[in-house]
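Visitor: my questions concern the predicted model and sequence given below.
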Amino acid sequence: MFSSDPVLRVQEATIFQGQNSVLGNISFEIEKGEFVFIIGRTGSGKSSLLKTLYADLPMRLGDISVAGFNMRGIKSKEVPLLRRKIGIIFQDFQLLQDRTISDNLTFVMKATGWKDGAKMKNRQAEVLMQVGLGSVEKKMPHQLSGGEQQRVVIARALINEPVILIADEPTGNLDPEVSHGILKVFQAINKSGTAILMATHSYGLIKKFPARVLKCEEGKLLDSKKENFELEADYF
């Protein structure tokens, strides 16, 4: 059944890093198919916010729902179910270096309940094509460039057709030209209906690919949808 509910809703939430509150009383929503950047200096709380959204940090104050899951009361056995509905992409690729690209994808598929070998193979081919990679299934991660490895990571995040991709500095280790290629992959994924929340330090990317921006600053969250603020180049 089609739902018009936001894929992500944050209501009067306080985000903690350890015992310290890093963002206080924040509220925002992300609709199905929306593309949103999140920015902020190191230590401003953006990574802690993202970790709270995918249940890596506990939700203590306020309300957050992600892909239909209430993060306040989420049980540990529900976390794998949540992570099938969302795709998570990190800066440091976190590929298993001792196995092929196909085996990397298979590892995630088995962990999320896939069993049929033929279906797994077909889905792997689909997601690799979606991120612009040809026949890399038999290659080892070290045989691919940084940009290609990040495309594999995006493919891995797409396996279960997530409603939202949460990307924490996905271009942080890549040069500008490769980063632009990765952003184009994200745009194509976004056009097919997947919402994207992407943390970045790259002023150049936001200038080149304008979208809604959330800015973590001094314990608050500013939203370009609701207020104007400057994107100073020296801020990044």
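Guide: Cool, the structure landed. Numbers count the residues shown, from 1 in each chain.
Visitor: list the buried residues for the helix or strand where Lys110 lies?
Guide: Remark: Lys110 resides in helix 101-111, with elements defined by DSSP states H and E. Along helix 101-111, the positions that meet the burial threshold by neighbour count (16 or more other Cβ atoms under 10 Å) are Ile101, Ser102, Asn104, Leu105, Thr106, Val108, Met109. (C-beta placed from N, C-alpha, C; glycine too.)
Visitor: nearest to Ser44, of these?
Guide: When the buried residues of helix 101-111 are compared for distance to Ser44 (Cβ to Cβ), Val108 comes out closest, at 30.3 Å.
Visitor: how about Leu133, what does it touch?
Guide: Applying Cβ atoms under 8 Å, 6 or more residues apart in numbering to Leu133 gives the contacts Glu148, Arg151, Val152, Ala155.
Visitor: and the second one, that one's in a helix?
Guide: This points to Arg151. Yes - assessed by DSSP: H, G, I helix; E, B strand; the rest coil, Arg151 belongs to a helix.
Visitor: gap between the spatially closest residue to Gly181 that is not a sequence neighbour and Gln124?
Guide: Closest residue to Gly181 in three dimensions, ignoring its sequence neighbours and counting by Cβ to Cβ, 6 or more residues apart in numbering: Gly147, at 6.1 Å. Distance, Gly147 to Gln124, using Cβ to Cβ, to the nearest Å: 19 Å.
Visitor: re earlier: nearest to Val213 among the contacts of Leu133?
Guide: When those are compared against Val213 (criterion: Cβ to Cβ), the nearest one is Arg151, at 24.4 Å.
Visitor: check contacts around the nearest residue to the closest one once chain neighbours are set aside.
Guide: The spatially closest residue to Arg151, leaving aside those adjacent along the chain, is Val131, at 4.2 Å (Cβ to Cβ, 6+ apart). Under the criterion of Cβ under 8 Å, 6+ apart, the neighbours of Val131 are Arg151, Val152, Ile154, Ala155, Leu158, Val185.
Visitor: out of those residues, which is most surrounded?
Guide: Comparing the contacts of Val131 by number of neighbours (other Cβ atoms under 10 Å), Ala155 comes first, having 26 neighbours.
Visitor: contacts only, for that one.
Guide: Ala155 sits in contact with Leu105, Gln124, Val127, Leu128, Gln130, Val131, Leu133, where contact means Cβ under 8 Å, 6+ apart.
Visitor: quick one: the helix or strand containing it to helix 101-111, angle?
Guide: Using DSSP H and E, Ala155 sits in helix 146-158. Note on geometry: by axes from the mean of the first three to the mean of the last three Cα atoms, to 10 degrees, helix 146-158 and helix 101-111 are set 20 degrees apart in direction.
Visitor: dump helix 146-158 to CSV, keeping only the CA atoms.
Guide: Only the C-alpha atoms of helix 146-158 are listed here, as CSV (Å, rounded to 0.1, in the frame of the first residue of the first chain):
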residue,chain,number,x,y,z
GLY,A,146,38.6,4.4,-4.7
GLY,A,147,35.7,5.6,-6.8
GLU,A,148,34.9,2.1,-8.0
GLN,A,149,35.0,0.8,-4.4
GLN,A,150,32.6,3.5,-3.3
ARG,A,151,30.3,2.5,-6.1
VAL,A,152,30.3,-1.1,-4.8
VAL,A,153,29.5,0.3,-1.4
ILE,A,154,26.5,2.1,-2.8
ALA,A,155,25.4,-1.0,-4.7
ARG,A,156,25.6,-2.9,-1.4
ALA,A,157,23.4,-0.3,0.2
LEU,A,158,20.8,-0.7,-2.6
